[in-house]
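Visitor: sequence and predicted structure are below.
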Amino acid sequence: LTETPEGVLYGSLAAAAVRYPDLIGRYYNRLSGEHGDALSALNTVFAQDGAFVYVPRGVRVARPLLVTFAHYSEDEALRCFARSLFVFERDSEAQLVIDDRSEGDGAALDCQVRELFVGSGARVELVELLRLGDRSTLVSSSFAEQWESSRLHTLSVALDGRLVRSNQQVRLLGSGAENHTNALMLCGAGEHIDFNTSLEHVAADCTSYELVKAIAADGGTGVFGGRIYVAQDAQRTQAYQQNNNLLLGDAAHVYSKPQLEIYADNVKCSHGATVGRLSAEALYYMRQRGLSDRDARRLQMFGFANQVIEKIPVEGLTGTIEELAAAKIDRM
């Protein structure tokens, strides 16, 4: 566990629990215990360690913090139960990059839970990169709460994995809170990638923006379930949700379920979903200008995906993820 002169803590959650038991006890299992599911309960039983980040009040972390979960499995199947706790006090600022990846070719099951607390006026940007092996499964639940005038921007890019299931729940509890939730799923043959989100507007005058995109190759499956909940007292809420999906063949599958649940009467909310194929007209246009069919298809797919990638909030990370996404698109 590392502590900076400004009081920022980052490193092992287990080590933090030994050195700062009161701090960990104040937050640990507060969100997942109250709003969790069977997956969270399973993680709570078996979790032994994970990542911990604490940023004190008013502190701005100058450089992004990197959290890596690397799974190495060759001869035996691997089971992991990682637990993460991220706490950002009032008026703090930080950027997080979470890298989930496989290092071996063996079978692995990773069951993760993440709890994230964003205090009043805090600014938090989080990028999550999922690149697992073709025998790896990741099931995760993320719980976040935001308070007055806070801003949380999360962006997830799922590149590979036999089965990826991500549940993300955010509660906007203080007026003026702003949330951005974005995701990109690139589902190759034999891959199932599933994103479920729940954005709960509990306080008035909050805003949320959600954009989720998926590309599914022949034999690939993408799933999006998105719920926006607006409580009765959450007047003047603005919430926007969009899900766009691209199918590359007859054996590609995408399932989309956007949902609005509104109990206030002074709101601006919208949601939408599209499922389609590559534009034959655009492909023809590019072929007429000398591009091969493969390059034309690749260019159109990358343009589709880049509408999410360009929203990456961490400076310097966009180029890396563009390269990884382009390599995956070449394999699709």
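Guide: Yep, it's here.

Visitor: parallel or antiparallel, which strands does the helix or strand where residue 84 lies pair with?
Guide: Using DSSP states H and E, residue 84 maps to strand 83-88. Applying DSSP bridges, strand 83-88 is found paired with strand 51-55 (parallel), strand 108-118 (parallel).

Visitor: could you point out which element follows the last one?
Guide: On the C-terminal side of strand 108-118, the closest following helix or strand by DSSP H and E is strand 123-131.

Visitor: does anything pack onto the helix or strand just after that next one? Which helices or strands?
Guide: Per DSSP H and E, the first helix or strand lying C-terminal to strand 123-131 is strand 136-146. In terms of contacts (3 or more CB pairs under 8 Å, 6 or more residues apart in numbering; DSSP states H and E), strand 136-146 is packed against helix 30-35, helix 38-46, strand 108-118, strand 151-160, strand 163-172. (Each C-beta comes from the backbone N, C-alpha and C, glycine too.)

Visitor: check these for me: which has the lowest mean pLDDT.
Guide: Among the helices and strands packed on strand 136-146, helix 30-35 carries the lowest mean pLDDT, a mean of 87.

Visitor: now do the buried residues in that one.
Guide: Applying a neighbour-count criterion of 16 or more other CB atoms under 10 Å, one finds 31-32 buried in helix 30-35.

Visitor: how far is it from where the chain is centred?
Guide: 19 Å (CA atoms, centre = their mean, to the nearest Å).

Visitor: what does stretch 127-145 give?
Guide: With CA atoms, centre = their mean as the basis, stretch 127-145 stands 8 Å off its chain's centre.

Visitor: got it, and stretch 173-182?
Guide: Chain-centre distance of stretch 173-182: 15 Å, with CA atoms, centre = their mean.

Visitor: so which residue is dead centre in this protein?
Guide: The centroid of the chain falls nearest to residue 156 when counting by CA atoms, centre = their mean (3.6 Å).

Visitor: that one and residue 212, how far apart?
Guide: Plainly put, residue 156 is 9 Å away from residue 212 if you go by CB to CB, to the nearest Å.

Visitor: shared neighbours, these two?
Guide: By CB atoms under 8 Å, 6 or more residues apart in numbering, residue 156 and residue 212 have these common neighbours: 182-184, 195.

Visitor: could you dump the residues you listed into TSV with distance to residue 5 added?
Guide: TSV is the format used below for the shared contacts of residue 156 and residue 212 (distance: CB to CB, whole Å):
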residue	distance to residue 5
182	34
183	36
184	37
195	39
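
Visitor: now, the most widely separated pair of the residues you listed?
Guide: Spanning the widest gap among these are 182 and 195, at 10.3 Å by CB to CB.

Visitor: okay, and the common contacts of the two?
Guide: Common contact partners of residue 182 and residue 195 (CB under 8 Å, 6+ apart): 156, 212.
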